[in-house]
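Colleague: need a structure here:
(chains A and B)
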Amino acid sequence: MTAAGYARTLDLVTRVRGVRGAMLVSSDDGLVVAEHLMEGIKGSAVAALAASLANRLRRAMVAAGVGASVFWHLQCEQGALLVVPAASAIIVVAVAEPDVNVGLVRLELLRAAEAV
Amino acid sequence: MADEIKTLSAELARDPHSLVFLRLGDLLRQRGQLDAAHRVALNGLERHPHLPDAHDLYARILADKRDYERAFDEWDMARRIAPGHMGALKGLAFLYFKVGDVAQAVAHLEEAERVAPDDFAIQQALAMVRGQPMGSAAARTSGHAGLQPGSPSAPSAPSAPSAPSTPPPAPLPPPPAVAEEPIAPPAGPLEDRRVFAGLEGAQEGLLLLDAAGRVLGGALRDWNGADVTEAVAAYLAGVSLEAGRTAKLLGLGAWTGLAAEGQLGHIHLAQPGPDALLLLVRDRSVPMGRLAIIAQRAAMTARRWLEQQA
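Modeller: Next comes the predicted model:
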């Protein structure tokens, strides 16, 4: 996929009201593949932590017998981190406001994951 | 029976949308093959989510597995879809009787009697239940013999008195403390399964860990019934810290929960205390939103228990 393709994919996610940014992150090493973030979000650090959390969760979920994760959602007091692992060792990450429509973001993340 | 199971299985394999799953699931349940029955019922429910008999079947299997709260939800669902559903009315009566709510048990049996006035089994059950004083221990521990005879829908749980260690069912929606009050003994030190007594799935699928991934309470089994408690606990060690760091880095304040959707089930993580992590696991039939509510209740109970241990 080209840089423009990545940008279009992320744009689908960031267009959802309440989404402050979206990223494509390599789940193996936690490096940013592409990003579309609002000012002030430290993309590389968030990518590293999100990838680490995704890997930890995946292992726990497989051990628990619920299979690999399809979507996860870290809820925080002032916002949320929403993640969908894509098939190509990439995770699609969105940073959102607390009152975001989680269902809608999930759909767009799943669509983005299919595209990458 | 084995031949019939084989025939029905073949028919279901030929046509996965066939309603034979109802008969097949019940036969497997009667044979005690609860895991197989569970799978058949769940697959059937996925294809026929609005079929009251499918919810009834699933509830009976859950009740046989002593997962009473989920059984309550399924019977409740069956009754919402079909208000006069006999299996649901009998099942709900059984569950109310089991927690000592004789008035509700009677009300449900009376409703069943109105639907089927000639059903001798219901009349017999009513006579027996009315003979018990309200909320008496006898009512709770004498089983459900009166609800069982001739009732194809009554769960086949043993009628022997419940052991005090059995986590009590809490079919009523109000706060857990109210529901568990009549039977739940106070949690003793590290009586792990009792940490969640009275909550949905208290027997399995709920896990309380400390920051180092050591199990404080609860238990976890995979779909094959293997105990995976320690393995999952080990993988989750540090999740709390990592989630906290991520939230801080993003300026999102403290993390309050982590919900994850898996290919076969859902999990929800919560933090009942600064050094504790609560994990809730359910199959995909439990929606994520509902899982969050159950997790909140479990976290409250876990918080109380942690405070008692301090």
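Colleague: Could you list the domains of chain B?
Modeller: B:2-147, B:176-309 (automatic domain parsing).
Colleague: would you turn those domains into TSV with mean neighbour count and distance to residue A:104?
Modeller: The C-beta positions use only the backbone N, C-alpha and C, and glycine is treated the same way. Converted to TSV, the domains of chain B look like this (neighbours: other CB atoms under 10 Å in any protein chain shown; distance: least, CB to CB, whole Å):
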stretch	mean neighbour count	distance to residue A:104
domain B:2-147	19	23
domain B:176-309	19	14
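Colleague: how about those in TSV, adding distance to residue A:17?
Modeller: Below are these laid out as TSV (distance: least, CB to CB, whole Å):
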stretch	distance to residue A:17
domain B:2-147	31
domain B:176-309	18
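Colleague: Out of those, which gets nearest to chain A?
Modeller: domain B:176-309 (3.0 Å; CB to the nearest CB).
Colleague: Please determine whether that closest one lies in contact with chain A.
Modeller: Yes - against chain A, domain B:176-309 shows contacts by CB under 8 Å from any CB of the partner chain at B:220-224, B:228, B:231-232, B:235-236, B:238-239, B:242-243, B:245-247, B:249-267, B:279, B:281, B:283.
Colleague: What about these, which are in helices?
Modeller: Secondary structure from DSSP state H places B:231, B:232, B:235, B:236, B:239, B:242, B:243, B:245, B:246, B:247, B:249 of the residues of domain B:176-309 next to chain A in helices.
Colleague: Which residue ranges of the chain form strands?
Modeller: Assuming you mean chain A. Assigned by DSSP state E, chain A shows strands spanning A:19-26, A:32-37, A:69-76, A:79-85, A:90-96.
Colleague: ah, I was thinking of chain B
Modeller: Using DSSP E, strands in chain B cover B:206-210, B:215-219, B:255-262, B:265-273, B:276-283.
Colleague: So in chain A, which helix runs the longest?
Modeller: Using DSSP H, we find that the single longest helix of chain A is helix A:43-64.
Colleague: buried set for that helix?
Modeller: Buried residues in helix A:43-64, counted by 16 or more other CB atoms under 10 Å in any protein chain shown: A:43, A:46-64.
Colleague: now swap in stretch A:100-112 and tell me
Modeller: For stretch A:100-112, by 16+ other CB under 10 Å, it's A:100, A:102, A:105, A:106, A:107, A:108, A:109, A:112.
Colleague: Any chance of those in JSON lines with pLDDT and distance to residue A:36 as columns?
Modeller: Formatted as JSON lines, the buried residues of stretch A:100-112 follow (pLDDT from 0 to 100; distance: CB to CB, whole Å):
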{"residue": "A:100", "pLDDT": "92", "distance to residue A:36": "16"}
{"residue": "A:102", "pLDDT": "92", "distance to residue A:36": "19"}
{"residue": "A:105", "pLDDT": "95", "distance to residue A:36": "14"}
{"residue": "A:106", "pLDDT": "95", "distance to residue A:36": "18"}
{"residue": "A:107", "pLDDT": "94", "distance to residue A:36": "18"}
{"residue": "A:108", "pLDDT": "95", "distance to residue A:36": "12"}
{"residue": "A:109", "pLDDT": "95", "distance to residue A:36": "13"}
{"residue": "A:112", "pLDDT": "93", "distance to residue A:36": "11"}
